[in-house]
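# let me see the structure of the following:
(one chain, ligands or ions: 1)
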Amino acid sequence: MSAPIGVFDSGVGGLSVLREIQQLLPAESLLYVADSGHVPYGEKPPEFIRERSRRIAAFLVEQGAKALVVACNTATAAAINDLRAEFNLPIIGMEPAVKPAALATRNGVVGVLATTGTLQSAKFAALLDRFARSVEVITQPCPGLVECVEHGELCGPAVEALLKRYTAPLVAAGCDTLILGCTHYPFLRPALVPLLPTQVQLVDTGAAVARQLLAQLTACALRHEGDAAPTRFWTSGEPQLLHRVLPVLLNTDSPVEKLKV
Ligand code: DGL
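Numbers count the residues shown, from 1 in each chain. Next up is the predicted model:
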């Protein structure tokens, strides 16, 4: 089925998931919404995030989406149950990679970098309860990092100072596995890695979400064979800003439309 797949995030973080989807499913056409007019979601009330997610999902469904990917841990935690109740199509969400990290850790100490909203959510508590009973998990909210990525600022003194501040307690606690629990953070890997002891491994969920999407499309007989249409991008923020960071984050120069929802 040639209909597109709708992908959204509070901003540009979901592009780290979009690139995994493009790699695994090159025949699928994609629509991407960055809600950059309301970023960051991480410090906002769950009701606000649910309402934004509902409006964006409705917009993507209007554009003909056959499936949705909530490429945002914070929006998944706040809104995915409501979205699945309201919209009748496959909806894939993100969650911090607690299960893979609990399996990967060698010393039993796992760190989680995520937004305040994700770390405070009932979904995250349930995830820990289910998969992390046998490991020690240390969580760290990271205000400010998302804003850096939104501006395409992936390295430099300001980013490094924030990364040092947020990883220091996790390194001091002896974490050997670090979960990147926000879709903006994989873009900071190159700045993050040199700040960590070499034995620390980083895990994120983008590739697993792309595989999950493939499985659901296959199960629902929704896969497309052939050529994909060019990916379309919308933002509720400044289209020029997204257009300026797209080459940095996704190596593309696509046009960006203004989202009016
Ligand atoms: N990229 C998002 C996530 O995965 C949210 C970041 C934010 O807007 O605070 O959680």
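# how about residue 227, secondary structure?
Assigned with DSSP: H, G, I helix; E, B strand; the rest coil, residue 227 falls in the coil class.
# measure the closest residue in space to it that isn't next to it in sequence to residue 251 for me?
Counting by C-beta to C-beta, 6 or more residues apart in numbering, residue 227 lies nearest to residue 27, which is 6.9 Å off, once chain neighbours are set aside. Glycine gets a C-beta too; all of them are placed from N, C-alpha and C. Going from residue 27 to residue 251 by C-beta to C-beta, to the nearest Å gives 19 Å.
# related to what we said a few turns ago, I'd assumed the residue nearest to residue 227 was in a helix, is it?
No. Using three-state DSSP, the assignment for residue 27 is coil, not a helix.
# for it, list the residues it contacts.
223-228 (C-beta atoms under 8 Å, 6 or more residues apart in numbering).
# could you redo the last one with a cut-off of 10 Å?
Residue 27 is in contact with 2, 223-228, counting by C-beta atoms under 10 Å, 6 or more residues apart in numbering.
# between these, which is closest to residue 23?
Closest approach between the contacts of residue 27 and residue 23, by C-beta to C-beta: residue 228, at 12.1 Å.
# is residue 236 in contact with residue 11, as I believe?
Yes. Counting by C-beta atoms under 10 Å, residue 236 does reach residue 11; the two are 9.3 Å apart.
# identify the contacts common to those two.
33-39, 242.
# by neighbours, which of those residues wins?
Counting by other C-beta atoms under 10 Å, residue 34 has the largest number of neighbours within the shared contacts of residue 236 and residue 11, with 31 neighbours.
# tell me if I'm right that it and residue 10 touch.
Yes. Checked against C-beta under 10 Å, the pair residue 34 and residue 10 is within contact range at 7.7 Å.
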